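>>> Sharing a model prediction with you, sequence too.
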Amino acid sequence: MSRMKSLLALTLALGLLSASLAYGQGGTSSSTPATSTPTETKAPAAPVEKVKSKSYSKHAMAKVDLNTASKEELVKLPGIGEAIADKIIAARPLKSKDELVSKGIVTKAVYSKFSSHVIAKQAHVASK
């Protein structure tokens, strides 16, 4: 019986040792260690450099005013073709950019593609 207990204790110790080694090396193990050591921490990952892409440069461009933009400027917006650009121009003046959806000029899906790139400035009326 004592021999069986020794064998069981040795097996358990080897299992815990292999599990803790696998955990420390970032591997995976099917057994869970009985005790965890809070002092073990993984080193932080190296910082990833941002790569400038075509979509990144679009976010940096100036916002297009829906009430004064030319058809060519509107067509450059994501999701806007010539037909939608013509509808936007025909619906001017717009009080706010979300009127494009409420008036049925564009769908919510199309609006979400370009809404961060546009504004709807109001024309200032000269007071007498």
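Arrived safely. Predicted model, so just to flag it, every value in this text is computed and none were measured.
>>> hey, let's count contacts and neighbours off CA atoms from now on
Fine.
>>> Correct me if wrong: L66 contacts I119.
Yes: shown here, L66 and I119 form a contact pair, counting by Cα atoms under 8 Å, at 6.1 Å.
>>> overlap in contacts of the two?
Shared contacts of L66 and I119 (Cα atoms under 8 Å, 6 or more residues apart in numbering): K97.
>>> okay, these two: which has more neighbours?
More crowded of L66 and I119, by other Cα atoms under 10 Å: L66, with 27 against 18.
>>> Show the pLDDT at the more buried one.
Predicted confidence (pLDDT) for L66: 96.
>>> what do you get for A123?
76.
>>> State the helix or strand in which it lies.
A123 belongs to no helix or strand when elements are defined using DSSP states H and E.
>>> Now tell me which helix or strand of this structure has the poorest mean pLDDT.
Least confident helix or strand of the chain, by mean pLDDT, DSSP states H and E, is helix 54-60 with a mean of 49.
>>> ok, now how distant is the closest residue in space to K71 that isn't next to it in sequence from I105?
If the residues on either side of it in the chain are set aside, K71 comes closest to A85, at 5.8 Å by Cα to Cα, 6 or more residues apart in numbering. Distance, A85 to I105, using Cα to Cα, to the nearest Å: 10 Å.
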